[in-house]
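Novice: Build me a model from this:
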Amino acid sequence: MFNDLSSLHSYLASRRSGRPRNMTAPGPTDQQIEKIVSTAMRTPDHGKLTPWRVVNIASDQRPILAEAFTKAYKSEKPDAGRLEVESLIAMAHQAPSLLVVLSSPVTSTKIPLWEQELSCGAFCMNIIHAIHAEGFVGGWITGWPTYNDSVRNLFGKDPERIAGFLFSGTGEDALSERPRPQLTDILSRWQPLQV
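Specialist: Numbers count the residues shown, from 1 in each chain. Predicted structure coming up:
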């Protein structure tokens, strides 16, 4: 069983994202989105800078988003093929709910940018956890739109960057496991060199 909410440990040990293209209605209500984001704001944040923001894209705004994706992509790649453009249009319409998370660094601080970006990543993960806690399935997607300045400018401005597109809804298909690393490849004991 994935995303087992019977206990915190069970959930973390079974956490699994869903594919946005496989998410259907219902998705979180506006009130649930507010609760999800409020919960995610408990993220570690050195200096209390809140170096992240969230933009909620309404379902009736998805065609505008698809058009903006298409325009930005064709501007960067004038010879773009039909399938490339169709995949961007599909991305803009996936899942009932879409949140765009922006890394919004505070430049007038001694807190390093790297720490602020780590906080933003943790904030994204907490949003996914909070989506699952509400009984929905979530997925964090990046891809070409994440790294395009014209797309970023739809939601923010430099030095902000898109951290990801966070989709949520009801899982249409059963989740399946993905390959996971071996613990021995990740966890080691420090063996200090003799000096």
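
Novice: Strands of this structure, residue ranges please.
Specialist: Using DSSP state E, the strands of the chain run over 23-24, 52-57, 97-103, 137-141, 161-171.

Novice: Of all these, which one is nearest residue 117?
Specialist: strand 97-103 (5.7 Å; CB to CB). Every residue, glycine included, has its C-beta placed from N, CA and C.

Novice: returning to that earlier point: now render the strands of the chain as a markdown table, adding mean neighbour count and distance to residue 67.
Specialist: Formatted as a markdown table, the strands of the chain follow (neighbours: other CB atoms under 10 Å; distance: least, CB to CB, whole Å):
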| stretch | mean neighbour count | distance to residue 67 |
| --- | --- | --- |
| strand 23-24 | 18 | 22 |
| strand 52-57 | 18 | 13 |
| strand 97-103 | 23 | 15 |
| strand 137-141 | 24 | 19 |
| strand 161-171 | 22 | 16 |
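
Novice: closest one to residue 86 among the ones you listed?
Specialist: That would be strand 137-141 among the strands of the chain, by CB to CB, at 16.3 Å.

Novice: In PDB, please show the C-alpha coordinates belonging to that closest one.
Specialist: Output in PDB follows, covering the C-alpha atoms of strand 137-141 (Å, rounded to 0.1, in the frame of the first residue of the first chain):
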ATOM      1  CA  VAL A 137      -2.200  12.000  -4.800                       C
ATOM      2  CA  GLY A 138       0.500  14.500  -5.700                       C
ATOM      3  CA  GLY A 139       3.300  14.800  -8.200                       C
ATOM      4  CA  TRP A 140       6.200  17.300  -8.600                       C
ATOM      5  CA  ILE A 141       7.200  17.900 -12.200                       C
END
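
Novice: Partner strands of it and their direction?
Specialist: Next to strand 137-141 in the sheet, as set by DSSP bridges, lie strand 161-171 (antiparallel).
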